[in-house]
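> Test case, fold it:
(one chain, ligands or ions: 1)
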Amino acid sequence: MDRNGLLAGKKGVIFGALNESSIAWAIAEAAHREGAEFALSNAPVARRLGSLDQLAERTGSPVLWADATRDEDLSGLFDQLKAQYGQIDFIVHAIAMGVNVRKRRAYEKLNYSWYAKTLDVSAISLHRIVHHAMEAKALRTGGSVLTISYIGAQRSFSKYSEMGDAKALLESIVRTWGARLGAHGIRINAISQSPTRTTAGQGISGFDAMFEFGDRLAPLGNASAASCGDYAVTLLSDLTRMVTMQTLYHDGGFSHMGISDEFIEPLMRSLKDPSP
Ligand SMILES: NC(=O)c1ccc[n+]([C@@H]2O[C@H](COP(=O)([O-])OP(=O)(O)OC[C@H]3O[C@@H](n4cnc5c(N)ncnc54)[C@H](O)[C@@H]3O)[C@@H](O)[C@H]2O)c1
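Here you go, the predicted model:
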C-alpha cells in the first residue's frame, strides 16, 4: 500500500498489539505508514508473552503498560499521554479475552466469574478507556475512537459462545458513548472483522472451521489483518469525520451473504439422490 499521509500530524494510542499477528499490530503499522505518532499499550503480562517492544522500535513509539480493567492504570496512562503529546486525535481499542472459551467451558455451563472477566476485558474496558480519556480531557475535538468487533454480536456462531455476548455489549457501548461524545466533536465506531489468525482468534475451539466458512462464503474471501489496518486508517482520518456509532463490516461481504453455490449445490445433489 502506498504512503498517503492520511494521518500526518495525528497523535494517538493503540491498545492490544501482542505480536505480529495481532490486528492492533497491523493497525499500528498502517497508522505509522500514514504519518501518525502514537503510544502502544498492553497489559503488563503481555510484556512476557508478546513482542510489543519490537513494534515500538519499528514505529518509534513509547510503550505504556496498563491493564485495561484497572482504573488506576488507565488514569495514569492518560496522564502520561497528555504529558507526552498534549491532546490526542485517536484511540484504538483491540482488546479481548474469552475466559470460558479459552478454558473450553460450554455456554450452557458458564463459570460466572470467568464470564464477568470476559465482559470486563472484552467490552467494559472500552467504556473505561473512553471514560478516563474524557476525564483527562485527553481527546481533541475531531478525535476518533475505534474498536474491533465480530459478527457474533448479531448472529449466533456456536463456538463463539460467551464472546458473542461480549461483542454485543461492546457494540452497544459504541452507540451509547457515541451519543454522548458527539457533543465534544468526538466519534466512535467498531470495525466488525473477518476471522483472523491471531492469538485471541485461535484460542476459540473450531476457529479453523469458522475461518474456512467465512473465507468460502464471503465473495471477496476473509479480510486480512493488514487490510483491517488500512480500513482503520480511514476511520482515524478526517475523511470519516461524520461517521459515528457504527458497526462497519470489514469481512469481504460475508455479512450480506445467505448461501452460495459452493454450499447449496452439494445439498441439492444430495437431496436429488439421497443414497450415497
Ligand atoms: N482474530 C479474530 O478472528 C477476530 C475477529 C474479529 C474481531 N477480533 C477482535 O480483534 C481484537 C484484537 O484481537 P486479536 O484477534 O488481534 O488478538 P490478540 O490476541 O493479538 O489481541 C488481543 C489483545 O488483548 C490484550 N488484552 C487482554 N487482556 C487485556 C487487559 N486486561 N488489558 C489490556 N489488554 C489486554 C492482549 O494482551 C492482546 O494484545 C479483539 O477485540 C478481538 O475480539 C478478532
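> Check what pLDDT the one residue in the stretch 101-250 of the chain that gets nearest to the ligand gets.
Across the stretch 101-250 of the chain, no residue is closer to the ligand than residue 201, which sits at 2.8 Å (Cβ to the nearest ligand atom). Placement of C-beta: from N, CA and C, glycine included. Residue 201 carries a pLDDT value of 89.
> Might one say that it is in contact with residue 195?
Yes: counting by Cβ atoms under 8 Å, residue 201 does reach residue 195; the two are 6.1 Å apart.
> Neighbour count for those two, which is higher?
Using other Cβ atoms under 10 Å as the criterion, residue 201 and residue 195 rank with residue 195 on top: 26 against 21.
> Need the overlap of contacts for residue 201 and residue 195.
Both residue 201 and residue 195 are in contact with 207, 211, where contact means Cβ atoms under 8 Å, 6 or more residues apart in numbering.
> show me what contacts residue 170?
By Cβ under 8 Å, 6+ apart, the contact set of residue 170 is 122, 123, 126, 147, 149, 153, 190.
> Number of residues surrounding the third one?
The number of residues packed near residue 126 is 26, by other Cβ under 10 Å.
> host element of it?
Element membership of residue 126, judged by DSSP states H and E, is helix 125-135.
> mind checking how far that helix is from the chain centre?
Computed by Cα atoms, centre = their mean, to the nearest Å, the chain-centroid distance of helix 125-135 equals 16 Å.
> cool, stretch 143-154 as well?
Relative to the centre of its chain, stretch 143-154 is centred 6 Å away, using Cα atoms, centre = their mean.
> Could you give me the buried positions within it?
Using 16 or more other Cβ atoms under 10 Å as the test for burial, stretch 143-154 gives 143, 144, 145, 146, 147, 148, 149, 150, 151, 152, 153.
> Over to stretch 190-200?
Residues of stretch 190-200 classed as buried: 190, 191, 192, 193, 194, 195, 196, 198, 200 (neighbour count, 16+ other Cβ under 10 Å).
> quick one, what contacts the nearest residue to residue 263 once chain neighbours are set aside?
Leaving aside its sequence neighbours, residue 263 sits nearest to residue 217 (Cβ to Cβ, 6 or more residues apart in numbering; 7.1 Å). By Cβ under 8 Å, 6+ apart, residue 217 lies in contact with 254, 257, 259, 260, 262, 263.
> Apart from its chain neighbours, what residue comes closest to the first one?
Counting by Cβ to Cβ, 6+ apart, residue 218 is the residue found nearest to residue 254 once chain neighbours are left out, at 3.9 Å.
> Number of residues surrounding that neighbour?
Using other Cβ under 10 Å: residue 218 sits among 20 other residues.
> Give me the below-cutoff pLDDT ranges for the stretch 1-150 of the chain.
The stretch 1-150 of the chain contains no residues with pLDDT under 70.
> which parts of it sit against the ligand?
16, 18, 22-24, 42-43, 46, 67-69, 94-97, 121, 148-150 (Cβ under 6 Å from any ligand atom).
> Sitting in strands, which of those do you find?
Of these, the ones assigned to strands by DSSP state E are 42, 148, 149.
> end-to-end on stretch 59-77?
One end of stretch 59-77 sits 19 Å from the other (Cα to Cα, to the nearest Å).
> Pull the distance from it to the chain's centre.
Offset of stretch 59-77 from its chain centre (Cα atoms, centre = their mean): 17 Å.
> chain center to the helix ranked longest in the chain: distance?
In the chain, taking DSSP state H as the definition, the longest helix is helix 162-181. Helix 162-181 sits 12 Å away from the centroid of its parent chain (Cα atoms, centre = their mean).
> Keeping just the C-alphas, turn it into PDB.
Extracted C-alpha coordinates of helix 162-181, given in PDB (Å, rounded to 0.1, in the frame of the first residue of the first chain):
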ATOM      1  CA  GLU A 162     -19.800 -16.000  25.500                       C
ATOM      2  CA  MET A 163     -17.800 -13.800  23.100                       C
ATOM      3  CA  GLY A 164     -21.000 -13.200  21.200                       C
ATOM      4  CA  ASP A 165     -22.400 -11.600  24.400                       C
ATOM      5  CA  ALA A 166     -19.200  -9.600  24.900                       C
ATOM      6  CA  LYS A 167     -19.300  -8.200  21.300                       C
ATOM      7  CA  ALA A 168     -23.000  -7.300  21.600                       C
ATOM      8  CA  LEU A 169     -22.100  -5.300  24.700                       C
ATOM      9  CA  LEU A 170     -19.100  -3.800  23.000                       C
ATOM     10  CA  GLU A 171     -21.200  -2.600  20.100                       C
ATOM     11  CA  SER A 172     -23.800  -1.200  22.400                       C
ATOM     12  CA  ILE A 173     -21.100   0.800  24.300                       C
ATOM     13  CA  VAL A 174     -20.100   2.200  20.900                       C
ATOM     14  CA  ARG A 175     -23.600   3.500  20.400                       C
ATOM     15  CA  THR A 176     -24.200   4.700  23.900                       C
ATOM     16  CA  TRP A 177     -20.900   6.500  24.300                       C
ATOM     17  CA  GLY A 178     -21.300   7.800  20.700                       C
ATOM     18  CA  ALA A 179     -24.500   9.700  21.600                       C
ATOM     19  CA  ARG A 180     -22.600  11.500  24.300                       C
ATOM     20  CA  LEU A 181     -19.200  12.000  22.600                       C
END
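> Cheers, nothing more for now.
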